[in-house]
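>>> Next comes the sequence, and after it the predicted model I'd like to discuss.
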There are 2 protein chains.
Amino acid sequence: MPILIAEDNVAQRAYLRELLEREFAEYKPILEAADGESVVRIALAERPQLCVLDIQMPGLSGVKAARAIWKGFPEARIIFWTQFPHEIYINEIRKIVRAAEGPPAYGFIDKNNPESRFLRFVAAVLEDGADMIDPNFKDAFTQPLLTDFEAEALYYLALGLSNWAIARKCHLSLRGVESRLTTLYEKLLVTDAEGTPDEAYDKLAFNIRTRAYFEALRRGLINQDELEKAGADLEKWLERDRKKFATEQTPESKRAN
Amino acid sequence: MPILIAEDNVAQRAYLRELLEREFAEYKPILEAADGESVVRIALAERPQLCVLDIQMPGLSGVKAARAIWKGFPEARIIFWTQFPHEIYINEIRKIVRAAEGPPAYGFIDKNNPESRFLRFVAAVLEDGADMIDPNFKDAFTQPLLTDFEAEALYYLALGLSNWAIARKCHLSLRGVESRLTTLYEKLLVTDAEGTPDEAYDKLAFNIRTRAYFEALRRGLINQDELEKAGADLEKWLERDRKKFATEQTPESKRAN
DNA sequence: CCATAATTTGCGGGTTCCCACAGTCGTAAC
DNA sequence: GTTACGACTGTGGGAACCCGCAAATTATGG
């Protein structure tokens, strides 16, 4: 029963391999994958005792890879090994774990742990099949998160779309988009100074839209990695919508709702 | 003459140490630092043959550390070892290299190179004192970059400030801020479709401010790491300006330009 | 089934932001 | 000097955006 590693970065992969080989020799061989697609393939073929997945990988992310692995191999024990406790991933992982049958064993571990601690965490999942949330990440796990609607709005905002375009993309009215954004702003821009004179200043000092963008980045509700992937998808939709828009315009020059 | 490594991530540091120890044994010992402050201290004390610096580190970044090292040890050979070719760093490094006397030898190397290639690159700087730009990064090195003014405006925009607040921060008129932002938008949002009907659609589809934000992130003109550091500084200024604003308001309720 | 909450929509308004047209100021090159 | 360029400022208008109020629609739970 081998251990499977998925990590695109050469240095981290080599380090992890060497560490696990030394400490968990009885599980050899250590299998390696450098992207999400191949880790799914190998996991389903080899059914390893443990998968250690980096979350941010080119192509299929570690989270999506986990979904695919659990689908074909529900008892898989998976450790997410990550640099940052981004809420965006935590939320997705929660949903996947709940949706999977079992539910399966998983861990969520900070890359920056000292070796000894990291090894204890790995052993807990590998040997005992326990769930293991890194204490460094516990805050992010217990904090309230965005609803799907708000997350969707946030994505399109962060990709630079106008309210008009978001409305088209989500089949909403303009006012509907504004409504979603309002609740989003409320969640992201909770100011500890309510009613104080500072509130007036802050209202002048911030552009609420970009401020929410910044806050979302800071809290890991979006990140550059995911944005770029989403941006590629958006381009395709934009291409199609440009055509649709052109046909809407030619007959009469009125703008859709 | 030792080699000095600065890298906050445990895995990457261990990998790099092991690799250099194996391949460049004659330069032992390999010294390690986990943050920018200590790497500067060690470099000035030990005057190593080569420094390998991760750029994104907590506290003092690799770029700022390099500036400090070259200041006290101008012949230092420094390799920047990074995951992404962010223009923001490239621009800063260029300026530092030009400003330093010598100018000193440096390299700029992608973390994801295969070992053999990485070792060749390292040898070029370590043994020969050559300048070494990773071919993967050459594009970013030749692209035109923002002026200091535009970069400043971009930062405050990305931190979520309103035009009004940027004006206060930069001692400009509101119109001056708009002017800077206009040139910024022009540089960031160069559309390959000039004059076509698509241009009309894009004007409707994008919120120019957040779109520029997204583009700047994508091209690495800003990144989360630097933003968070800048955000901490901004907080202090905001604190002071809130007070100043309060005193401006009490005498008469008019808003300064 | 009803009740409660969440979401969406419309309307009106106030504000910020973007931009085109000008005009000023300072620096640098001819 | 003047010519050119870049950055900053002013004016004014139009568009997009934010928000409060209120009603309609759709979930969600007892």
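That came through fine.
>>> How about the contacts made by the residue in the stretch 151-257 of chain A that DNA strand C sits nearest to?
Residue nearest to DNA strand C within the stretch 151-257 of chain A: residue A:176 (2.1 Å; C-beta to the nearest atom of the strand). Bear in mind the C-beta positions are built from the backbone N, C-alpha and C, glycine included. Residues near residue A:176 by C-beta atoms under 8 Å, 6 or more residues apart in numbering or on different chains: A:167, A:170.
>>> With residue A:6 as the reference, measure out to it.
Separation of residue A:176 from residue A:6 (C-beta to C-beta, to the nearest Å): 39 Å.
>>> Residue A:167 too?
38 Å.
>>> So for those two, which sits in the more crowded spot?
residue A:6 (31 against 20; other C-beta atoms under 10 Å in any protein chain shown).
>>> low-confidence ranges in the stretch 101-250 of chain A?
The stretch 101-250 of chain A contains residues with pLDDT under 70 at A:143-144, A:192-195, A:250.
>>> Recalculate using a threshold of 90.
Low-confidence segments of the stretch 101-250 of chain A (pLDDT under 90): A:101-105, A:110-115, A:126-148, A:190-200, A:219-220, A:223-226, A:246-250.
>>> What residues does it have near DNA strand D?
Residues of the stretch 101-250 of chain A lying near DNA strand D by C-beta under 7 Å from any atom of the strand: A:162, A:163, A:164, A:175, A:178, A:181, A:182, A:185, A:208, A:209.
>>> CA atoms of the strand or helix carrying the third one as PDB?
When you say that, I think you mean residue A:164. For residue A:164, the host element (DSSP states H and E) is helix A:163-170. C-alpha atoms of helix A:163-170 as PDB (Å, rounded to 0.1, in the frame of the first residue of the first chain):
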ATOM      1  CA  ASN A 163     -22.700  44.900 -12.900                       C
ATOM      2  CA  TRP A 164     -24.300  44.900 -16.300                       C
ATOM      3  CA  ALA A 165     -22.200  42.000 -17.400                       C
ATOM      4  CA  ILE A 166     -22.700  40.100 -14.200                       C
ATOM      5  CA  ALA A 167     -26.400  40.500 -14.700                       C
ATOM      6  CA  ARG A 168     -26.100  38.900 -18.100                       C
ATOM      7  CA  LYS A 169     -23.900  36.100 -16.900                       C
ATOM      8  CA  CYS A 170     -26.200  35.200 -14.000                       C
END
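>>> helix or strand right after it?
Taking DSSP H and E, what comes next after helix A:163-170 is helix A:174-188.
>>> what angle separates that following helix from helix A:163-170?
Angle, helix A:174-188 to helix A:163-170, by axes from the mean of the first three to the mean of the last three C-alpha atoms, to 10 degrees: 100 degrees.
>>> Could I get the buried residue list for helix A:174-188?
Residues A:176, A:177, A:180, A:181, A:184, A:185, A:187, A:188 are the ones in helix A:174-188 that count as buried (16 or more other C-beta atoms under 10 Å in any protein chain shown).
>>> mind checking how far the first one is from residue A:213?
For residue A:176, the distance to residue A:213 equals 20 Å [C-beta to C-beta].
>>> what do you get for the third one?
Taking C-beta to C-beta as the measure, residue A:180 falls 15 Å from residue A:213.
>>> Where does the stretch 51-200 of chain A get nearest to chain B, which residue?
Proximity to chain B, evaluated over the stretch 51-200 of chain A using C-beta to the nearest C-beta, is greatest for residue A:160 at 3.0 Å.
>>> List the contacts of the most centrally placed residue in chain A.
With distances taken as C-alpha atoms, centre = their mean, residue A:89 lies nearest the centre of chain A, 3.0 Å away. Residue A:89 makes contacts with A:55, A:63, A:80, A:82, A:220, as judged by C-beta under 8 Å, 6+ apart.
>>> Counting neighbours, which of those comes out on top?
Most neighbours among those, by other C-beta under 10 Å: residue A:55, with 29 neighbours.
>>> touching chain B at all, stretch A:129-140?
No. Residues of stretch A:129-140 are not located near chain B by C-beta under 8 Å from any C-beta of the partner chain, the shortest gap being 13.4 Å.
>>> Ends of that stretch, what's the gap?
One end of stretch A:129-140 to the other measures 23 Å (C-alpha to C-alpha, to the nearest Å).
>>> and the longest helix along chain A, anywhere near chain B?
Criterion DSSP state H: the longest helix present in chain A is helix A:224-249. Yes. Applying C-beta under 8 Å from any C-beta, one finds that helix A:224-249 is in contact with chain B at A:224, A:227, A:228, A:231, A:238, A:241, A:242, A:245, A:246.
>>> which two in the residues you listed are spaced the farthest apart?
Across the residues of helix A:224-249 next to chain B, the longest distance by C-beta to C-beta is 32.1 Å; it joins A:224 and A:246.
>>> Which of these two has more residues huddled nearby?
Taking other C-beta under 10 Å, residue A:224 and residue A:246 do not tie; residue A:224 has more neighbours (18 against 13).
>>> Next to DNA strand C, which bits of chain A? Give me the list.
A:147, A:149, A:172-176, A:178-180, A:183, A:204, A:207, A:257.
>>> and if we set it to 10 Å?
Selection of chain A residues close to DNA strand C by C-beta under 10 Å from any atom of the strand yields A:146-150, A:152-153, A:167, A:170-183, A:203-211, A:257.
>>> residues of the one helix or strand residue A:89 maps to that come out buried?
Taking DSSP H and E as the criterion, residue A:89 maps to helix A:87-99. Neighbour-count burial for helix A:87-99, counted by 16+ other C-beta under 10 Å, picks out A:87, A:88, A:89, A:90, A:91, A:92, A:93, A:96, A:97.
>>> do the same with stretch A:145-163
Neighbour counts over stretch A:145-163 (16+ other C-beta under 10 Å) mark A:145-146, A:150-163 as buried.
>>> now the helices: where do they sit in the stretch 1-150 of chain A?
Secondary structure of the stretch 1-150 of chain A (DSSP state H, counting those that start in this stretch): helices located at A:10-23, A:36-46, A:62-72, A:87-99, A:115-128, A:138-142, A:148-158.
>>> is it possible to export the ones you listed to JSON lines including distance to residue B:26?
Listed next are the helices of the stretch 1-150 of chain A as JSON lines, based on distance: least, C-beta to C-beta, whole Å:
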{"stretch": "helix A:10-23", "distance to residue B:26": "22"}
{"stretch": "helix A:36-46", "distance to residue B:26": "38"}
{"stretch": "helix A:62-72", "distance to residue B:26": "40"}
{"stretch": "helix A:87-99", "distance to residue B:26": "44"}
{"stretch": "helix A:115-128", "distance to residue B:26": "28"}
{"stretch": "helix A:138-142", "distance to residue B:26": "46"}
{"stretch": "helix A:148-158", "distance to residue B:26": "50"}
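>>> of those helices, which approaches residue B:116 most closely?
The minimum distance between residue B:116 and those falls on helix A:10-23, with 11.3 Å, by C-beta to C-beta.
>>> Give me the mean pLDDT for the closest one.
The average pLDDT for helix A:10-23 rounds to 91.
>>> got the angle for it vs helix B:115-128?
110 degrees.
>>> Name the surrounding residues that touch helix A:10-23.
A:3, A:5, A:7, A:27-28, A:30, A:32, A:34, A:52, A:54, A:81, A:111, A:115, A:118-119, A:122, B:9-12, B:14-16, B:18, B:111-115.
>>> now it, how far from the centre of its chain.
24 Å (C-alpha atoms, centre = their mean, to the nearest Å).
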